[in-house]
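K.L.:
I'd like to go over a predicted model; first the sequence, then the structure.
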Amino acid sequence: MKHARWAVGSCLVSFCLGAWSHAEDLQQPRRLRSDPPVIESSWDDLLEGVHSADDWNRHRQTLRQRYLELIRDEHKPEKPPLELRIHEDVEIEGAYRRLYISYQVEADERAHAYLGIPLGLTEPLPAIVALHGTTAQGTRQTVGLEGNPDKAYLDHLCRRGYVVIAPEHFVSGERIPPEGPYETARFHARHPEWTAAGKFTYEHSIAVDVLETRPEVNRHRIGAMGHSLGGHGCWLLAAYDERIQAAVCNCGGSFFRHNPNVEAWSRDRWYVYFKPMREKLLQGELPPIDVHEIIALIAPRAFLDVSALNDGVPLTQRQRVLMLLKIADVYQLIGKPENLAFYVHGRGHAVPHDSRELIYGFLDSHLKPAEATQTRLVK
């Protein structure tokens, strides 16, 4: 009798589940397989009229000229001799030497930087220009002396086998103006036709000159990386100086279009990147070149963009993904799709562990010999 009752119960359960499943099916939308739709966006203007690598090379020349006009490169001063000086030379935990140096960037102006050189090297090593953000600690944070150790890039990279130069920004460190750090008013008074973005890009290119003077550096394997101000400093530098073979932007500034805060690129106080374009920005007119076109100038050299969807305006940051997909089309067109990568997370304006591991691994893949990143089977 007990067995019969169980059998009936089982049938009732089966019937109920079947009825529920049928009702659920009636509530579900009917979905049919299809080919993926083409993703269209305003960033498509990057390749308008470009159908081949030769077309791109011609278009690239136009974009490069627009970029140089944006930063007002024609107004930079004549490059002086370096006259490099070493102010401090210390050994860090048996891993590397850390030099505090200075060198000329204008006839009467010297820049300061830390230079890290791994100990025990047997051949010239790859090198990195490591750029700091808009922080009170400046490049002292980049070497791990104060501030956030997540951003001690020189220390991290020297321990991984890189020679690293960490230049101080031109309105921080030894050159903080009387008005305070990152105030550019005196710079603009001295160079009314130039731009702050042009100034720091020019100086970071001189930091590459410094690296090339060092016998410890493999001059064919030089990269750049940075966070925030240093993040967009990296793509500005790599687009400007083709000696940069791999560049990484972490949480760099956003573009001009689709940006409700676009005036921040040409604000009327504190740090002013592109002062000459403020009047047109206030009239609603953007410059004739945007960030996707500047980053595309880096191709075919390696570029990694690391960003957060919750860093700034969320809808603007989502546009960054569409922008990078279009830049990927450039790398695909010229046959180097493996040289572009991007990583998007939700950790805000930071350099968390996973981002650092990705950044350093990307630099390893593109700047170190192949055997440095090869895996092997267990014997």
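P.N.:
Thanks, I have the structure now.

K.L.:
need the contact partners of the strand or helix carrying residue 318.
P.N.:
If you go by DSSP states H and E, residue 318 is part of helix 314-333. Contacts made with helix 314-333 from outside it, assessed by CB atoms under 8 Å, 6 or more residues apart in numbering, are listed as 39, 41, 43-44, 46-47, 50, 52-53, 56, 254-255, 257-260, 291-292, 295-296, 299-300, 303, 305, 307-311, 337, 339-340, 342, 344. Bear in mind the C-beta positions are built from the backbone N, C-alpha and C, glycine included.

K.L.:
that helix: how far from the chain's middle?
P.N.:
Between the centre of helix 314-333 and the centre of its chain there are 14 Å (CA atoms, centre = their mean, to the nearest Å).

K.L.:
what separates the nearest residue to residue 214 once chain neighbours are set aside from residue 271, distance-wise?
P.N.:
Of all residues beyond its chain neighbours, the one nearest residue 214 is residue 163 (6.5 Å), with distances taken as CB to CB, 6 or more residues apart in numbering. Here the distance between residue 163 and residue 271 works out to 29 Å (CB to CB, to the nearest Å).

K.L.:
please apply the same query to residue 205.
P.N.:
Between residue 205 and residue 271 the computed distance is 20 Å (CB to CB).

K.L.:
any idea how far residue 255 lies from residue 169?
P.N.:
Taking CB to CB as the measure, residue 255 and residue 169 are separated by 22 Å.

K.L.:
neighbour-wise, which of the two wins?
P.N.:
residue 169 (27 against 21; other CB atoms under 10 Å).

K.L.:
checking that one next. Helix, strand or coil?
P.N.:
Residue 169 carries the three-state label coil when classified by DSSP: H, G, I helix; E, B strand; the rest coil.

K.L.:
quick one: residues contacting the closest residue to residue 84 other than its chain neighbours.
P.N.:
With sequence-adjacent residues excluded and distances taken as CB to CB, 6+ apart, residue 84 is closest to residue 103, at 4.6 Å. Applying CB under 8 Å, 6+ apart, one finds that residue 103 lies in contact with 82, 83, 84, 85, 110, 111, 113, 206, 210.

K.L.:
just the CA trace of the helix holding residue 318, in PDB.
P.N.:
In PDB, the C-alpha atoms belonging to helix 314-333 read as follows (Å, rounded to 0.1, in the frame of the first residue of the first chain):
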ATOM      1  CA  PRO A 314      29.600  56.300 -16.500                       C
ATOM      2  CA  LEU A 315      28.100  56.900 -20.000                       C
ATOM      3  CA  THR A 316      31.300  58.600 -21.100                       C
ATOM      4  CA  GLN A 317      33.400  55.700 -19.900                       C
ATOM      5  CA  ARG A 318      31.200  53.200 -21.800                       C
ATOM      6  CA  GLN A 319      32.000  55.200 -24.900                       C
ATOM      7  CA  ARG A 320      35.600  54.400 -24.300                       C
ATOM      8  CA  VAL A 321      35.000  50.800 -25.100                       C
ATOM      9  CA  LEU A 322      33.400  51.700 -28.400                       C
ATOM     10  CA  MET A 323      36.400  54.000 -29.100                       C
ATOM     11  CA  LEU A 324      38.900  51.200 -28.400                       C
ATOM     12  CA  LEU A 325      37.000  48.800 -30.600                       C
ATOM     13  CA  LYS A 326      37.400  51.200 -33.500                       C
ATOM     14  CA  ILE A 327      41.100  51.600 -32.800                       C
ATOM     15  CA  ALA A 328      41.300  47.800 -32.900                       C
ATOM     16  CA  ASP A 329      40.100  48.000 -36.500                       C
ATOM     17  CA  VAL A 330      43.200  50.000 -37.300                       C
ATOM     18  CA  TYR A 331      45.500  47.400 -35.800                       C
ATOM     19  CA  GLN A 332      43.600  44.700 -37.700                       C
ATOM     20  CA  LEU A 333      43.900  46.600 -40.900                       C
END
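
K.L.:
continuing past that helix, what's the next helix or strand?
P.N.:
The C-terminal neighbour of helix 314-333 among helices and strands, as given by DSSP H and E, is strand 340-345.

K.L.:
can you count the residues close to residue 266?
P.N.:
Under the neighbour criterion other CB under 10 Å, residue 266 is assigned a count of 20.

K.L.:
next up, the contacts around it.
P.N.:
Contact analysis of residue 266 by CB under 8 Å, 6+ apart lists 272, 273, 274, 275, 276, 277, 278, 281.

K.L.:
any idea which element residue 203 lies in?
P.N.:
helix 196-213.

K.L.:
give me the helices and strands touching that helix, please.
P.N.:
strand 96-106, strand 109-118, strand 125-131, strand 163-167, helix 185-190, strand 217-227, helix 229-240 (3 or more CB pairs under 8 Å, 6 or more residues apart in numbering; DSSP states H and E).

K.L.:
quick one on the thing from earlier: the contacts of residue 266 in helices, which ones?
P.N.:
Judged by DSSP state H, the subset of those located in helices is 278, 281.

K.L.:
now, of the contacts of residue 266, which are buried?
P.N.:
For the contacts of residue 266, a neighbour count by 16 or more other CB atoms under 10 Å gives the buried set as 272, 273, 274, 275, 276, 277, 281.

K.L.:
I figured the second one hits residue 198, correct?
P.N.:
Okay, so that is residue 273. No - applying CB atoms under 8 Å, one finds residue 273 not in contact with residue 198, separated by 9.3 Å.

K.L.:
thanks a lot, see you next time.
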